[in-house]
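Enquirer: how does the following fold in three dimensions:
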Amino acid sequence: MGLSNRERRAAKQRKRDAKRGVTAPAARDDTGRGLPPETLQALLRRAGADVAAGREEAVAELRGVLAEHLARRRAEILAACDAVLADLAAQSGEGLAGALGGDAAASSWAAATGATTEETAIATVRVLAAVG
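Expert: Here you go, the predicted model:
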């Protein structure tokens, strides 16, 4: 069987881009389905601030985003949780002692407790809300 229309169009576009000297920026690389790490970290921080302000529906909204966009990206979600909590530890100097049951990063906590990706993200939001 031959190439699909999409594949033919993509090949034509690559040829045109090559003639023009256009190189694809790293941001256009295929990152799979989901959000970039910076956006995910911003969502976690915003949800933490909303929960700290008494807006509990922010957790439900975050769950919707996780289910819709990030269902198969566990490693990326856990890395974003680790980054957000590392920033928090650097700012407050408290680390994660007591917040997630130890000094470990969120990914280590998730592995040790068997927490799902969603539970880890929600726990991260709760830590941000408690400190923020």
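Enquirer: so R45 touches V131, yeah?
Expert: No - assessed by Cβ atoms under 8 Å, R45 is found out of contact with V131, at 11.3 Å. Just so you know, the C-beta spots here come from the backbone N, C-alpha and C atoms, and that holds for glycine as well.
Enquirer: these two: who's more crowded?
Expert: R45 (18 against 15; other Cβ atoms under 10 Å).
Enquirer: quickly find the element holding V65.
Expert: V65 is part of helix 57-69 when elements are defined by DSSP states H and E.
Enquirer: so which elements touch that helix?
Expert: helix 37-52, helix 117-131 (3 or more Cβ pairs under 8 Å, 6 or more residues apart in numbering; DSSP states H and E).
Enquirer: what's the first helix or strand after it?
Expert: On the C-terminal side of helix 57-69, the nearest following helix or strand under DSSP H and E is helix 74-92.
Enquirer: that following helix - contacts with which helices or strands?
Expert: Applying 3+ Cβ pairs under 8 Å, 6+ apart, one finds that helix 74-92 contacts helix 37-52, helix 106-113, helix 117-131.
Enquirer: tell me the contacts of the closest residue to S107 other than its chain neighbours?
Expert: Spatial nearest neighbour of S107, chain neighbours left out: L78 (4.0 Å); criterion: Cβ to Cβ, 6 or more residues apart in numbering. With contact taken as Cβ atoms under 8 Å, 6 or more residues apart in numbering, L78 is in contact with A106, S107, A110, T117, T120.
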